[in-house]
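[1] Show me how the following folds:
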Amino acid sequence: MAQQGVLLEKEQFCCSVCLGLLKEPVAIPCGHSYCRSCIESYWDQDDQGIYSCPQCNQTFTPRPTLRKNNMLAEVVETLKKTGLQAVCYAGPGDVACDFCTGTRKQKALMSCLVCVVSYCETHVQPHYDVPVLKKHKLVKATAQLQENICSHHDQLLEVYCRTDQQWICYHCVMDKHKGHDTVPAAAERTEIQSQLGMSQQKVQQRVQEREKVLKDIQQAVESLKHSANAAVEDSERIFTELIRSMEERRFEVKELIRAQEKAEVSRAEGLLEQLEQEIAELRRRDAELEQLSHTEDHIHFLQSYQSLSSPSVSSVLPSIVVRPLQYFGDVSKSVSELREKVEDLLKGEWTKISTTGIAGHNNHSSQMKAALQQDDPMKDKDRGQEVKRRPSSEFPVGNLVNIDNTPVAKSLHGHSEREREKKRDRGIERKMDGARDGVRDRGWKRERDGGREREMEGAREEAMDIRWESERDGTREGVRDEEEKRSCCSLSELKKVPQCHVELEPLSFSRTHNVLVDVNEFHHKRTLKPHSGRHVWHSDLVKMPCSPESLIKTGSVISSEQSRWEVVSKQLESLAKKTTASVGDVEKAIKKYNPRYEAQWSFDALHTFVKKSPKEEKYYMSVFPKIAELASSLPHYIKKAIPLLQKGQTQSITLTQSQIACLLANAFYCTFPHRNSPNPRAEYHNYPTINFNSLFEKWSERKREKLRALLHYFHTVTDPGKLLPHTTIVTIMTGIQVL
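    Residues are numbered from 1 along each chain as shown. Predicted coordinates:
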């Protein structure tokens, strides 16, 4: 069958019931053929008087009589004897037969360089049988068959021109390449074949060199891991010892403060007992004098008055000055200064360690790249260049393997680093000892000079006021001089003309400059993310709503305290889930976590503003949920304590636009702990409130413009289509006045 060019597929002679070759094939009235046993079994299973074809579902009544298809049976038997030729169609990436017709062509096996045609197994058969075609050159089927044909003469490329270094046909030899140095393709192949061995040896040698470098780098990586593990263990041990030392000093300071507290309280309790006894005695004498004033016996009156008028208690009142914030203010100040020095020291050392680590990493990366970036010899040969292999001794692997000489290892394991650690520990111990001695000295001084403290208090306060005034005047002059030295304009000029993109100092930490952005990420990757840290509940810092110390009292019968941020975040998240929110929803949420001011705060200005706003500005109610969502992300945006920017002090703070928007959103929803207090000695009594609650009450035209600008700002920063560049940073500075 194959010799006659007949192509038969196996599926054409298979039974659709058993999926095998037909056995005793029979045909049913619809024309389909099956094995006799298969179709009878199929019909016997559903013997209901109606019989159907398994393929086309055509029904027959009555049951058809089955007769053997003799011709089909002979074909099947012949195929079983001669074998069924498998048909292989061309797939993606295969060369298709040029002689096959139809949409599906068979895969080509051979290509004829004379016919310039690719043939499948069937159509290539004449090249094996016909004497004339036997002389043609057959090669393995290739899709680039036309590349072997001369584009000028449509003849086979069989000659190589050494003069022009290109393949040509025999017509080109007599035409454009006449007189050139030409050789047959076989001769050129023989000469190039001799050079192939040398090129292969060079490639194999380069492979061996690369494998050696690979092995050295793997060993270096293992050594690097071992050294890094040792450095981690060493640093963990050092930090553990440092933390333990700090814990011990903290315990000692705590014990000293408690001892001083106990001594002062004991002295005060003794005075209280004495005063109570004197008060009781004086009240008793007052009652006797009152009774004596009503007696009519003149002699008894005069005799009794002399005994009652003589003082029974001392006329000098016991003196004790109760100033709780001043007892241990010096201790807190000393500990705060110690903390700032330790933090500055740690920041400076960390910058040094991170810088040396990155420098060492970049150095080794460049060495590895230099070891691997070499030109391929075959490419050099193709370009006509001389190949010069680099000796293996020139590869800078030795520097990479010697991990102990890296800057990171030196900074962690060097003797100088250990000495610096010891000096820092000794400095911390001296500071803590000084604070402890100061507490003890102040306690002794109070006990010795307790009677004179009241007399000296007024003079002391007057001296402090004079000192503060002089320091403030000096600070103002220093600020003016510092502003003149800076490359940016002064604060007074900033208030007159807006200044953008002014040149500031590099982004870094200092005692007067607080940065809420990760400095390392900013310097090395030019990316902005919040600086890691924790909120500190202190009078010199902004008390954040999400601080653990921020509590709220709950319960009407039994009062208890819980985290205020839990209540705040719950209300904000509830508002954020809404598409629109009314002013009533905002007021209800704010008063939920500010129960103390529920009756005091009014939102009439905000109600009036939204009610009177024009139609084109009716987006306010859809902005309220977005502001709530922005405010609820405060723990994500702000992770470091924020200092209070005070008048008379040169301070600055650097933060991103997104952090500013988050802080303003929390001020809008009044989440910050309330700052103003009628008590003149309370914290924050001289600072304006952070929350915007005063903006929401007592309607005025001026407040309308403020609310309009504020809500337009939130509409801009929360709109994805109008989003401000949150990757920019802002530095806020204070000098004589708060900026």
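[2] Surely Phe301 is in a helix?
    Yes: residue assignment for Phe301, taken from DSSP: H, G, I helix; E, B strand; the rest coil, places it within a helix.
[3] Which pLDDT does the model give it?
    In this model, Phe301 is scored at 80, pLDDT.
[4] Show me where the stretch 501-650 of the chain has its strands.
    For the stretch 501-650 of the chain, the strands identified by DSSP state E, counting those that start in this stretch occupy 513-515, 551-554, 560-563, in order along the chain.
[5] any weak-confidence spans in the stretch 501-650 of the chain?
    Where the stretch 501-650 of the chain drops to pLDDT under 70, the residues are 501-511, 519, 521-527, 554-560, 616-617, 646-650.
[6] if you go through it in chain order, where are the helices?
    Counting by DSSP state H, counting those that start in this stretch, the segments of the stretch 501-650 of the chain that form helices are 519-525, 564-576, 583-592, 604-612, 620-632, 634-637.
[7] Give the next helix or strand downstream of the shortest one.
    Okay, so that is helix 634-637. Scanning forward in sequence from helix 634-637 by DSSP states H and E, the next helix or strand is strand 651-656.
[8] Determine the set of other helices and strands touching that next one.
    strand 513-515, strand 729-734 (3 or more Cβ pairs under 8 Å, 6 or more residues apart in numbering; DSSP states H and E). Where C-beta positions appear, they are placed from N, C-alpha and C, glycine not excepted.
[9] how's the chain carved up into domains?
    For the chain, the domain assignment from automatic domain parsing gives the residue ranges 10-82, 187-374+394-432, 498-734.
[10] longest helix of the chain?
    With residue count as the measure and DSSP state H as the assignment, the chain has helix 185-292 as its longest helix.
[11] what pLDDT, on average, does that one get?
    Confidence over helix 185-292 (mean pLDDT, whole number) is 88.
[12] could you say what helices and strands it packs with?
    The elements that helix 185-292 packs onto, with contact taken as 3+ Cβ pairs under 8 Å, 6+ apart, are strand 159-161, helix 298-309, helix 324-327, helix 329-372, helix 377-382, helix 397-401, helix 407-413, helix 415-448.
[13] Distance-wise, check Ile168 relative to Gln106.
    In this structure, Ile168 and Gln106 are separated by 34 Å, where distance is defined by Cβ to Cβ, to the nearest Å.
[14] rewinding a little: of the domains of the chain, which approaches Pro92 most closely?
    Proximity to Pro92, assessed across these by Cβ to Cβ, is greatest for domain 10-82 (22.3 Å).
[15] Mind giving me the packing neighbours of the helix or strand that contains Ser37?
    When secondary structure is defined by DSSP H and E, Ser37 falls within helix 36-45. Taking 3+ Cβ pairs under 8 Å, 6+ apart as contact, the helices and strands that helix 36-45 lies on are strand 25-27.
[16] strand partners of the strand it packs on, parallel vs antiparallel please.
    Paired neighbours of strand 25-27 in the sheet (DSSP bridges): strand 33-35 (antiparallel), strand 67-68 (antiparallel).
[17] now for those, which one comes closest to His674?
    Within the strands paired with strand 25-27, the stretch nearest His674 is strand 33-35; the backing value is 92.7 Å (Cβ to Cβ).
[18] which other residues reach that closest one?
    Outside strand 33-35, the residues that touch it by Cβ atoms under 8 Å, 6 or more residues apart in numbering are 15-18, 20, 22-28, 42, 54, 69, 72.
[19] same deal with stretch 95-109?
    Taking contacts as Cβ under 8 Å, 6+ apart, the residues outside stretch 95-109 that touch it are 87-91, 94, 111, 117-124, 140-143.
[20] coming back round to it: return the most buried member of the helices of the stretch 501-650 of the chain.
    The highest mean neighbour count among those belongs to helix 620-632 (a mean of 21), with neighbours defined as mean count of other Cβ atoms under 10 Å.
[21] Could you pull up the contacting residues of the closest residue to Val542 other than its chain neighbours?
    In space, not counting the residues next to it along the chain, Val542 is nearest to Ile642; the distance is 4.2 Å by Cβ to Cβ, 6 or more residues apart in numbering. Contact partners of Ile642, counting by Cβ under 8 Å, 6+ apart, are 514, 516, 541-542, 544, 653.
[22] Weed out the non-buried ones from the contacts of strand 33-35.
    By the neighbour-count criterion of 16 or more other Cβ atoms under 10 Å, those include these buried positions: 15, 22, 25-28, 42, 69.
[23] what's the most distant pair in those residues?
    Across the buried ones among the contacts of strand 33-35, no pair lies farther apart than Tyr42 and Asn69, at 17.3 Å, counting by Cβ to Cβ.
[24] what's around Asp181, how many residues?
    If you count neighbours by other Cβ atoms under 10 Å, Asp181 ends up with 10.
[25] oh sorry, the question was meant for Asp540
    Burial measure for Asp540: 11 neighbouring residues, criterion other Cβ under 10 Å.
[26] so it touches Leu645, yeah?
    No: when contacts are counted by Cβ atoms under 8 Å, Asp540 is not listed as touching Leu645 (10.7 Å).
[27] Just the buried residues of stretch 133-142, please?
    In terms of neighbour count (16+ other Cβ under 10 Å), stretch 133-142 has its buried residues at 133, 138, 141.
[28] Same list, the residues you listed, but as TSV with secondary structure and distance to His32 please.
    Listed next are these as TSV, based on DSSP: H, G, I helix; E, B strand; the rest coil; distance: Cβ to Cβ, whole Å:
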residue	secondary structure	distance to His32
Leu133	helix	43
Leu138	strand	43
Ala141	coil	38
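[29] okay, who's weakest in the contacts of strand 33-35 by pLDDT?
    Gly20 (79).
[30] list the contacts for the closest residue to Leu138 other than its chain neighbours?
    Beyond its immediate neighbours in the sequence, the residue positioned closest to Leu138 (Cβ to Cβ, 6+ apart) is Met110, lying 4.8 Å away. Taking Cβ under 8 Å, 6+ apart as the definition of contact, the neighbours of Met110 are 118-119, 124, 127, 138-141.
[31] Met110 and Leu145: what is the separation?
    Look at Met110 and Leu145: by Cβ to Cβ, they are 11 Å apart.
[32] cool, Lys592 as well?
    Relative to Leu145, Lys592 is positioned 83 Å away (Cβ to Cβ).
[33] Which of the helices and strands packed on helix 185-292 has the lowest mean pLDDT?
    helix 397-401 (a mean of 36).
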